[in-house]
Each structure stands twice: as C-alpha cells, then as structure tokens.
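Participant: need a structure here:
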Amino acid sequence: MRESPSRIEHLTINSAALRGNPLGDPTERAITVYLPPGHDDLPLRGYPAIYLLASHGSTGPSLMNWRPWDVTIYEQIDALIESGAMPPAIVVMPDMWTRFGGSQYINSAGIGRYEDFLIDEVIPLVDRSFRTLPDRDHRGLVGRSSGGYGAITQALRHPETFGAFACHSGDLYWEYTCLPGLSRMHQHLAKFGGLDAFIQDIPTIRPKNSAFWDLIMTVCWSAAFGSNPDAPHGFDLPIYLETGALNETVWARWLAHDPIRRLSDPAAIEALRSMRLAFIDVGQYDEYQLQVGARVLHQRLDALGIAHTYEEYPDGHRGTHYRYDVSLPQLAEALQ
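Facilitator: Residues are numbered from 1 along each chain as shown. Below you'll find the model as predicted:
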C-alpha cells in the first residue's frame with residue numbers, strides 16, 4: 001500500500017493571552033502545521049513535534065513562502081524525510097508577528113504575552129488537534145536569529161515543556177549583538193521624528209531602508225528586554241534621549257535576558273543538562289558578529305561539561321535556512 005503524502009494543515013486560534021496587547025496586534029492567529037508522509041495511515045502512531053520559530057521581521061506562515069533558486073520549507077522537510085535523513089515529525093510554525101516585527105518570544109509589557117501564547121495556548125491546541133507525543137521528551141524547538149534566541153530561551157525557561165532545541169545564529173552576547181545598534185538609536189529616532197512618531201508610522205514608513213530595519217530591531221529589543229508596565233509605551237529605552245548615551249540601569253535589565261548571562265543561574269544550567277539535544281551553529285562571517293556569542297556559549301558549555309553540538313560554517317547571517325538540513329534530522333532523531 002502506498003504511503004499517504006505529507007500535507008499542511010492550518011489552525012486558527014483566538015488568543016486570550018494576546019487580548020489587550022499594547023500594540024493592538026490581532027488576537028486571532030494562524031498556526032501552520034506540517035504533517036509527515038504516512039501520518040494518515042497509522043491512526044495509533046504518535047509523532048514528535050518541532051516548533052519552528054521565525055526570525056525577526058518574519059512569522060510562521062511566511063516560512064512557507066516561495067524562495068528564489070531554492071525550495072520551500074515544506075519541500076525541504078519533505079526531502080529530508082523521504083531521503084531517510086530525518087525521521088517523521090510534525091513541524092509547527094506559529095504566527096507570532098507584532099507591530100515591532102517580533103517579540104523575542106517572551107512576555108513583556110511593551111509587546112504582549114507571547115511566551116504565554118506559545119506555552120499555554122499553541123502547544124495544547126496542537127497536541128489536541130494532531131497525533132503528537134505530548135511530553136517534553138518528544139517536543140523541541142528550532143529557529144534562526146531571533147527565532148534561535150527564542151528556541152534557546154524557551155528551552156532554558158521551560159525544560160518541563162521542551163526536551164531539545166536548535167539555535168541557528170541566535171541572538172547572544174548583547175555586548176556585540178545589541179550595543180552597535182544602540183549606538184545608532186538616538187540618530188535614527190531623530191530621523192524618524194522620535195519614538196512616538198516612529199511607533200505610529202511603522203506601517204506607512206517608506207522606504208523601509210537600512211535605518212528603518214536598524215531602528216525597528218532595537219525598538220523591538222527595547223520593548224522585550226526593557227519591559228516596564230509603568231512607562232508610556234510599556235518599556236524603557238536603553239539610552240538617554242537627551243544625549244544618546246547608554247542608560248546603565250536599563251542596560252542591566254537587558255543583560256539579564258542574554259542566554260550567556262543566564263548560565264550563572266543553576267536552574268538554567270540544569271535545564272541545559274536535561275536536553276536530549278542542544279544544537280548551536282553560526283556562520284563564521286555573521287554580519288551581526290553572532291559568531292562571537294556562539295563561541296562564548298560553546299566555551300561556557302564545555303567548561304560546565306554540558307553535552308551539546310556546536311558547528312561553524314563559512315557563511316554570514318542571511319539566507320542560511322539550508323542549515324535546517326543539519327538541525328532538523330538531529331532534532332527529530334533526539335525526540336523519537
């Protein structure tokens with residue numbers, strides 16, 4: 001009997017966690033789900049679930065888009081499974097888009113409760129709707145850039161929920177990742193008429209050039225890492241608007257969100273020790289110098305005796321989704 005083909009399913013959820021979010025973003029969200037070949041043939045078989053988190057400026061459904069001179073993520077996963085490189089798995093791509101282009105996958109007063117949305121709403125809905133193996137030993141995370149940050153951060157924060165992760169070029173080591181952008185934040189805010197005007201005009205700003213993307217990323221980080229429910233926009237800026245100088249008090253709150261800094265927390269260390277797979281990779285020529293943070297993390301994990309897979313490859317930051325060919329098979333195997 002011929003095996004049934006893979007297929008894509010689309011769930012919709014009206015999120016209680018996102019209700020009343022400060023940016024006025026939609027509460028109705030799409031969840032795109034890849035079901036592997038053979039899923040419909042064996043009604044008693046369960047599958048591991050891998051949550052694929054999008055990078056900043058992208059979201060779950062857009063991961064399915066056509067790519068020039070390349071395959072879609074759907075075709076990419078299909079090829080891995082059909083070749084035997086990857087065991088069958090369910091891959092989940094939730095819509096976590098915000099006005100700021102992302103959320104860093106954590107709760108914040110400036111963006112909303114996106115961590116609660118993922119943990120308390122998306123995962124239970126997926127487990128109810130499909131034949132997942134609904135426990136942490138069969139559930140993992142993968143992502144690139146901010147999605148990689150989300151993968152490692154959620155694994156650190158919720159080892160009871162996730163048993164493995166893959167972090168591709170993830171946001172690490174704020175001194176190199178974030179400070180260069182913060183040094184330009186004062187100038188960019190002036191160019192766009194200040195923070196209030198920028199937030200108001202985000203959808204209509206033309207052109208969305210390098211200055212726009214530089215600022216939207218630092219504003220997103222500010223809202224996520226500088227969360228303050230008493231501040232006008234629900235967050236504090238990490239710079240003084242009068243001079244552009246770094247606000248050390250707010251910056252210290254940012255540093256607490258750096259996964260490398262979290263390795264001073266015994267609970268985070270134990271979470272990493274519990275992982276069935278901790279996969280970290282980065283391009284040697286990353287434009288945001290994320291290879292530095294990845295190397296520091298690798299050294300710290302080695303010093304702590306925490307098993308992990310670490311790889312560098314000769315490329316930069318963008319267009320490296322082909323690295324899922326390396327991580328997805330390892331994740332699916334670890335979660336069997």
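Participant: residue 238 - how many residues pack around it?
Facilitator: 24 (other Cβ atoms under 10 Å). Where C-beta positions appear, they are placed from N, C-alpha and C, glycine not excepted.
Participant: ok but residue 141 is inside a strand, no?
Facilitator: Yes. Using DSSP: H, G, I helix; E, B strand; the rest coil, the secondary structure at residue 141 is a strand.
Participant: give the contact list for the residue lying closest to it once chain neighbours are set aside.
Facilitator: Leaving aside its chain neighbours, residue 141 sits nearest to residue 151 (3.9 Å; criterion: Cβ to Cβ, 6 or more residues apart in numbering). Residues in contact with residue 151, defined by Cβ atoms under 8 Å, 6 or more residues apart in numbering, are 53, 141, 142, 143, 165, 166, 167, 170.
Participant: quick check: which element contains residue 51?
Facilitator: strand 49-53 (DSSP states H and E).
Participant: contacts for that strand?
Facilitator: 60, 63, 73, 89-94, 96, 105, 118, 122-123, 126-127, 130, 132-133, 138-143, 146-148, 150-151, 162, 328, 331-332, 335.
Participant: list the buried residues of whatever helix or strand residue 125 lives in.
Facilitator: In this assignment (DSSP H and E), residue 125 forms part of helix 123-129. Within helix 123-129, the residues scored as buried using 16 or more other Cβ atoms under 10 Å are 123, 125, 126, 127.
Participant: nearest to residue 184, of those?
Facilitator: Checking these against residue 184 with Cβ to Cβ, the nearest one is residue 123 at 37.4 Å.
Participant: returning to that earlier point: give me the pLDDT for the residue nearest to residue 141.
Facilitator: Confidence at residue 151, expressed as pLDDT, is 98.
Participant: how much space separates it from residue 169?
Facilitator: According to Cβ to Cβ, to the nearest Å, residue 151 stands 11 Å off from residue 169.
Participant: kindly report the same for residue 190.
Facilitator: Distance, residue 190 to residue 169, using Cβ to Cβ: 30 Å.
Participant: ok, now residue 121?
Facilitator: Taking Cβ to Cβ, one finds residue 121 at 28 Å from residue 169.
Participant: higher neighbour count, those two?
Facilitator: Neighbours were tallied for residue 121 and for residue 169 using other Cβ under 10 Å; the higher tally belongs to residue 169 (30 against 20).
Participant: shouldn't the more buried one be in contact with residue 280?
Facilitator: No. With contact defined as Cβ atoms under 8 Å, residue 169 does not count as touching residue 280 (9.4 Å).
Participant: how near is the residue nearest to residue 141 to residue 52?
Facilitator: 9 Å.
Participant: which stretches of the protein form helices?
Facilitator: Applying DSSP state H to the chain gives helices spanning 73-82, 114-116, 123-129, 146-157, 174-177, 179-191, 195-201, 210-225, 248-255, 266-273, 290-304, 324-334.
Participant: average pLDDT across the second one?
Facilitator: To tie it back to what came earlier, the one meant is helix 114-116. For helix 114-116, mean pLDDT rounds to 98.
Participant: check which helices and strands that helix sits against.
Facilitator: Judged by 3 or more Cβ pairs under 8 Å, 6 or more residues apart in numbering; DSSP states H and E, helix 114-116 is in contact with strand 107-108.
Participant: switch the cut-off to 6 Å
Facilitator: The contact analysis (3 or more Cβ pairs under 6 Å, 6 or more residues apart in numbering; DSSP states H and E) places helix 114-116 against no helix or strand.
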